[in-house]
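Student: Here is a sequence together with a model predicted from it:
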Amino acid sequence: MARAFVTVDDQSNLPDPVRTRLKGELDGRYPPTQAVNFADRGDVIPALFSYFGNKPNVYTPPEKFDSNHAMSFSGSASPVVAGGTLLGVGSGPRAMYARTPNMGERITRIGGRFRMLPGTGTRTTGGTVCLGIADDLIDSSSGVNVSMPCHFLSTARTWYYTVWTEGVGQVVLATGDYATPLLTDYATEYEMQCWLNGTTAVFDLPDGTRRSVADSRIGSYGANFGFFEGFQPGGDTDDVTAFTHVWAGLGVARIPKRTIDAPQAGNSFAVAGPTAPTAPGEYAWIETDGNGNFIDLHTGKN
């Protein structure tokens with residue numbers, strides 16, 4: 001069956017989406033209090049999703065997405081939910097992969113909303129947020145063990161769309177620098193998202209622009225698995241990715257006319273410094289030494 005797909009960069013030329021009410025809109029499984037409210041954006045509800053803004057602070061990794069799919073992790077960082085975000089903590093160079101299960105068919109859409117927690121000291125290579133679609137469950141303990149039609153990543157200054165071949169590495173298909181770097185204040189929330197159809201990928205950058213690329217590997221590599229990654233190749237000096245919302249979709253790739261809400265400040269914050277917060281209520285405290293170097297992340301309630 002032929003699939004209609006829009007590959008233009010100019011969002012003003014995109015047609016209004018044709019959609020019907022989905023089960024999720026009827027039974028309330030995706031309440032309006034959870035951003036992103038896809039129905040309000042003229043969008044369809046993804047098959048897999050999780051929102052962390054209403055989650056309590058916990059040290060243990062989540063076991064399921066809100067959509068009831070199993071969530072698993074790989075990487076050297078310890079996944080925690082703190083300050084309404086999912087992030088990986090630890091010391092030194094590290095990565096956290098929040099993984100989908102085998103979705104049983106090709107993932108044609110992957111997205112996430114995130115904030116960036118500023119790194120300590122002088123930044124080196126820069127913390128990275130990444131959305132990936134792969135042919136198998138990624139396991140970083142033995143190197144990158146998968147091929148990926150989508151390896152979409154961004155630092156605060158630069159973005160990349162790449163494909164990844166197992167045993168070979170990544171090939172950059174498109175890259176660019178932001179005219180204005182993303183804010184790393186742990187308050188401003190950004191969104192990035194990608195759709196796949198055949199040999200084409202269309203992706204929305206955190207600054208609100210839309211791009212597209214075409215490559216045979218986008219269509220030929222398997223795509224039943226997805227992941228949401230925070231990567232700090234330079235260690236504690238790098239910015240930390242903190243996801244507020246993640247999602248993945250299946251089936252026909254339908255791109256809504258409006259996809260990205262304006263960057264917005266959240267209302268959940270982590271406190272960084274050498275002294276624990278004393279204000280009443282729940283807190284997420286990023287403990288640092290006198291020089292601003294990361295020590296640990298603590299959660300609690302005063």
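Tutor: Perfect, thanks for sending it. Keep in mind the model is a prediction, meaning the values are calculated, not measured. Numbers count the residues shown, from 1 in each chain.

Student: From here on, just use CA atoms for contacts and neighbour counts.
Tutor: OK.

Student: What's the end-to-end length of stretch 199-217?
Tutor: One end of stretch 199-217 to the other measures 7 Å (C-alpha to C-alpha, to the nearest Å).

Student: Any buried residues in that stretch, and which?
Tutor: For stretch 199-217, a neighbour-count test (16 or more other C-alpha atoms under 10 Å) marks 200-207, 210-214, 217 as buried.

Student: From the residues you listed, which land in strands?
Tutor: Judged by DSSP state E, strands contain the following of these: 200-204, 210-214.

Student: quick one: which of those residues is nearest to residue 238?
Tutor: residue 204 (23.5 Å; C-alpha to C-alpha).

Student: quick one: pLDDT of the residue nearest to that closest one when sequence neighbours are not counted?
Tutor: Leaving aside its sequence neighbours, residue 204 sits nearest to residue 210 (C-alpha to C-alpha, 6 or more residues apart in numbering; 4.5 Å). Predicted confidence (pLDDT) for residue 210: 88.

Student: my read: residue 210 touches residue 195, true?
Tutor: No - distance between residue 210 and residue 195: 11.1 Å, which falls outside the contact criterion (C-alpha atoms under 8 Å).

Student: Give me the common contacts of the two.
Tutor: Taking C-alpha atoms under 8 Å, 6 or more residues apart in numbering as the criterion, residue 210 and residue 195 both touch 202-203.

Student: What backbone torsions are found at the closest residue to residue 140 other than its chain neighbours?
Tutor: Setting aside the residues directly before and after it, residue 140 is nearest to residue 75 in space (C-alpha to C-alpha, 6+ apart), at 5.7 Å. Main-chain torsions, residue 75, degrees, to the nearest 10: phi 110, psi 170.

Student: re earlier: closest to residue 244 among the buried residues of stretch 199-217?
Tutor: residue 206 (13.9 Å).

Student: What segments of the stretch 151-300 of the chain are helices?
Tutor: Secondary structure of the stretch 151-300 of the chain (DSSP state H, counting those that start in this stretch): helices at 216-220.

Student: now residue 133: how far from residue 278?
Tutor: 42 Å.

Student: Which of those two has more residues huddled nearby?
Tutor: residue 133 (35 against 10; other C-alpha atoms under 10 Å).

Student: show me the contacts for residue 149.
Tutor: Per C-alpha under 8 Å, 6+ apart, neighbours of residue 149: 133-134, 162-164, 217-223.

Student: pLDDT at it, what is it?
Tutor: 96.

Student: Excluding chain neighbours, what is closest to it?
Tutor: residue 218 (4.3 Å).

Student: ok, now residue 85?
Tutor: Nearest one to residue 85, counting by C-alpha to C-alpha, 6+ apart, is residue 244 at 4.7 Å.

Student: helices or strands up against the one helix or strand residue 130 maps to?
Tutor: Taking DSSP states H and E as the criterion, residue 130 maps to strand 128-134. Judged by 3 or more C-alpha pairs under 8 Å, 6 or more residues apart in numbering; DSSP states H and E, strand 128-134 is in contact with strand 107-117, strand 148-154, strand 225-232, strand 240-250.

Student: neighbouring strands for the third one, and are they parallel or not?
Tutor: Spelled out, that is strand 225-232. strand 94-99 (antiparallel), strand 128-134 (antiparallel) (DSSP bridges).

Student: Between its first and last residues, how far does stretch 74-87 reach?
Tutor: 13 Å.

Student: hmm, back to that, the residue nearest to residue 85 contacts residue 55, correct?
Tutor: No - using C-alpha under 8 Å, residue 244 is not in contact with residue 55, being 9.9 Å away.

Student: between the two, what contacts are shared?
Tutor: residue 84.
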